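Trainee: Build me a structure from this.
(chains A, B and C)
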Amino acid sequence: MIVAEQKPLAEIKGIVAPYQRLLVLGCGTCTKTCFAGGEDEVATLASALRLAFKKDGKTIKVQELTVERQCEDEFIKQAAPLVGGIDAVLSLACGAGVQMVASRFRKIPVLPGLNTTFIGVLEKQGLFIEKCLGCGNCVLDDFAGVCPTTRCSKKLFNGPCGGSKNGKCEVNPETECAWQLIIDRAKEFGQLDKLKAYSPPRDWRTSHAGGPRKLVREDHIV
Amino acid sequence: MSSGINRSSGSMLQQLLSRGEFAVTAEAGPPRGANAEVVSRKGAILKGYVDAVNVTDNQTAIVRMCSLAACTHLLQLGIEPVLQMVTRDRNRIALQSDIMGAFSLGIRNMLCLSGDHQSFGSQPDALNVFDIDSTNLVNAVKNMRDEGKDMSGFALDVAPQMFIGAAENPFADPFEYRVIRLAKKIAAGADFIQTQCVYDMPRFREWIRLAREQGLTEQVHILAGVTPMKSARMAKYMATKVPGMTVPDSLIKRLEGAGKEKGAEEGIKVCLETIQEMRELKGVHGVHIMAIEWEDHVPEIVKGAGLYPRPRAA
Amino acid sequence: MTLPHTKRFRPRITVFHCLNASAEPALESSADYEVKAVNMPCSSIIREVFLLRAFEAGADAVALLVCPEGQCHNVNGNIRAARRVARMKRMIDEIGLDGRRLNIYNIPPGNKLAIQHAIRQTVHDATALGPNPAA
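Mentor: Coordinates of the predicted model:
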């Protein structure tokens, strides 16, 4: 899922300060799953904002709504009836969702309540880890199912580097060395030999380096 | 030496190694500023005592004068430089460009590295590059030299004839994979290898043995890294704070035992013992002395190791 | 005539309690304080927003009464509740209301003395911290 974290309350307060009537808009998909922007989080944040401004002697009106997801118009339009009576939307979706809402409700500011970070997994209870950075050319079959682009701090395709120690990355002793993982896993199913092959320089055109990307499905356009 | 096509690069280091001489190289770090004097001073100390001088490339991701410029200052003193180049800060466009520039200025040796992560340095807020890795860089330089083509396949008007080096760390994990990695770098085009500095001799011997068994020591010139310890405190610092470093407790104890006054003297003794062992170790073709900010002790080390005067080029 | 600053402050406290910890009707208002009691089948039912809404409704202090560690009918309910309380204490600090207004108490089931102590402590906290600035 896409993982995001709520901005600190002080920062959000600063972002919404110019506005009297807010809609806190939650997302029921990725940001709900990482406990940053689902229904519960919308309720808590709305209440916290009311209290915080009341304490300053300012009354703000905060409405709450959570839609299935904010990356599709189909669901965003459920918020349309509320837009006439508000000054700004505080979106608790990922950056993509915030922008989608902003492009639909053009007459009012749409503000981000989260910092979107990575594409990742819930590794175990309470722990989300980055696994994919969307390079556009997946070669996980060459690396025993461990991505060297995302999980190696230096994006090495002919790793490891000289800083791998006890299976950990030199950058952070809590980060696993991706190359240790690749080698261990390849050994497990007898494909260590595959790693002897030289990996040539990558073509980064499929990644974000080539510019913002899009996907067109002609067969879906009626 | 590595690929069968043996074009002389005009590198004195290459000439000596090809003749079977035990080579000595050293390291000089550029200043954190634009003062060419610092480089010249270090060069003057090392001149005549080593066969070539490596100039580091923003080592530990701390911003310093660029290696290319510092190498050029050394050339002007009649010293042969080894241009170190990391892939952390430059993409393939900039790397190839700098290699051509380096050759045009008279630089004939380079060491290809990935580089320490920027989180260790003076600009942890910077975006890193890592467009290609060190093995890709080795291969790119080899193709530039032997095919006369850049990475896009374009035929270069003058191909840079570099003597190509790569780094290996026999002390990083996973141990058994290190020799596979060495083989990869040789296949990619490495002519010489400089290793991380050695304090754990048994582990280093084991690594060389494995490399020898695979015939790799016949295909590439390995120069073992050595760094004299200045004190027990330095030993402890390197044991814990420097990425990719292994320092045995026995060495720390030995330096502590020598007392504060004699720490440096003991450190140099250890260094000389290590160099002697390297001279006797089959498969090791030289030493790379990394006396960081202690360059003025290199002459005494080279002399003490019986490696002075240095052989002349043909 | 009583001047505003000498008018006696009668703290309003909200007590969330797990029915297993205290089914007692011991949570009653008095002349000195007002108690609003909210019962739940298990303290793990508590949602963070309930704690904040109690303050929005005018509470000067809020207490959560839960079963002692290891004695939750629903295994970890009391531990989850404790984590949420800890998080909301920090949030209430960030809001600027002082996180000490919110506390959690472990009550051996049906122990009247423990309940009374929890109430007394909560009223004391409310008095010491003063009226809720966002009420």
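Trainee: Tell me which residues touch the nearest residue to C:Pro133 once chain neighbours are set aside, please.
Mentor: Spatial nearest neighbour of C:Pro133, excluding adjacent residues (Cβ to Cβ, 6 or more residues apart in numbering or on different chains): A:Lys55 at 4.8 Å. Quick note: C-beta positions are derived from backbone N, CA and C, even for glycine. A:Lys55 makes contact with C:95-97, C:133-134 under the criterion Cβ atoms under 8 Å, 6 or more residues apart in numbering or on different chains.
Trainee: Which one (most neighbours) among those?
Mentor: Within the contacts of A:Lys55, most neighbours by other Cβ atoms under 10 Å in any protein chain shown means C:Ile95, with 26 neighbours.
Trainee: for that residue, phi and psi?
Mentor: phi -70, psi -30 (degrees, to the nearest 10).
Trainee: How about B:Asp249?
Mentor: Backbone dihedrals for B:Asp249, given as degrees, to the nearest 10, come out at phi -60, psi -30.
Trainee: Read off the pLDDT value for it.
Mentor: Per-residue confidence for B:Asp249 comes out at a pLDDT of 91.
Trainee: From chain A, how far out is it?
Mentor: B:Asp249 is 17 Å from chain A, where distance means Cβ to the nearest Cβ, to the nearest Å.
Trainee: just C:Ile45 next, same as before
Mentor: As for C:Ile45, its distance to chain A is 13 Å (criterion: Cβ to the nearest Cβ).
Trainee: Now do the contacts for that residue.
Mentor: C:Gly77.
Trainee: before we move on, the earlier item: and the residue nearest to C:Pro133, what's its pLDDT?
Mentor: What the model reports as pLDDT for A:Lys55 is 96.
Trainee: Chain C contacts on chain A?
Mentor: Near chain C, the residues belonging to chain A are A:8-10, A:40, A:43-44, A:47-48, A:50-52, A:54-55 when assessed by Cβ under 8 Å from any Cβ of the partner chain.
Trainee: Mind doing that once more with 7 Å?
Mentor: Taking Cβ under 7 Å from any Cβ of the partner chain, the part of chain A that reaches chain C is made up of A:9-10, A:40, A:43-44, A:47-48, A:50-52, A:54-55.
Trainee: So which residues of the chain form helices?
Mentor: I'll assume chain A. A:9-16, A:30-33, A:39-55, A:73-76, A:80-83, A:95-104, A:148-151, A:178-188 (DSSP state H).
Trainee: please go with chain C instead
Mentor: So, for chain C - with DSSP H - the helices run C:48-56, C:77-95, C:112-129.
Trainee: Now the last one: buried residues?
Mentor: I take that to be helix C:112-129. Going by neighbour count (16 or more other Cβ atoms under 10 Å in any protein chain shown), the buried part of helix C:112-129 is C:114-115, C:118-119, C:122-123, C:125-127, C:129.
Trainee: Show me which of those residues is closest to chain A.
Mentor: The shortest gap between chain A and any of those belongs to C:Leu129, at 13.1 Å (Cβ to the nearest Cβ).
Trainee: Does that closest one touch C:Arg100 like I think?
Mentor: Yes - with contacts defined as Cβ atoms under 7 Å, C:Leu129 counts as touching C:Arg100 at a distance of 6.3 Å.
Trainee: so where do the strands sit in the chain?
Mentor: Picking chain A for this. Taking DSSP state E as the test, the strands found in chain A are A:2-6, A:21-27, A:61-67, A:88-91, A:110-112, A:114-124, A:127-132, A:168-169, A:172-176.
Trainee: You answered for a different chain; I wanted chain B.
Mentor: B:23-28, B:52-55, B:81-86, B:109-113, B:163-168, B:192-197, B:221-226, B:284-289.
Trainee: Quick one: these as JSON lines, columns for distance to chain C, mean pLDDT and mean neighbour count too.
Mentor: Formatted as JSON lines, the strands of chain B follow (distance: least, Cβ to the nearest Cβ, whole Å; pLDDT from 0 to 100; neighbours: other Cβ atoms under 10 Å in any protein chain shown):
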{"stretch": "strand B:23-28", "distance to chain C": "50", "mean pLDDT": "97", "mean neighbour count": "26"}
{"stretch": "strand B:52-55", "distance to chain C": "51", "mean pLDDT": "98", "mean neighbour count": "27"}
{"stretch": "strand B:81-86", "distance to chain C": "42", "mean pLDDT": "98", "mean neighbour count": "27"}
{"stretch": "strand B:109-113", "distance to chain C": "44", "mean pLDDT": "98", "mean neighbour count": "28"}
{"stretch": "strand B:163-168", "distance to chain C": "47", "mean pLDDT": "97", "mean neighbour count": "26"}
{"stretch": "strand B:192-197", "distance to chain C": "45", "mean pLDDT": "96", "mean neighbour count": "25"}
{"stretch": "strand B:221-226", "distance to chain C": "49", "mean pLDDT": "98", "mean neighbour count": "25"}
{"stretch": "strand B:284-289", "distance to chain C": "53", "mean pLDDT": "98", "mean neighbour count": "26"}
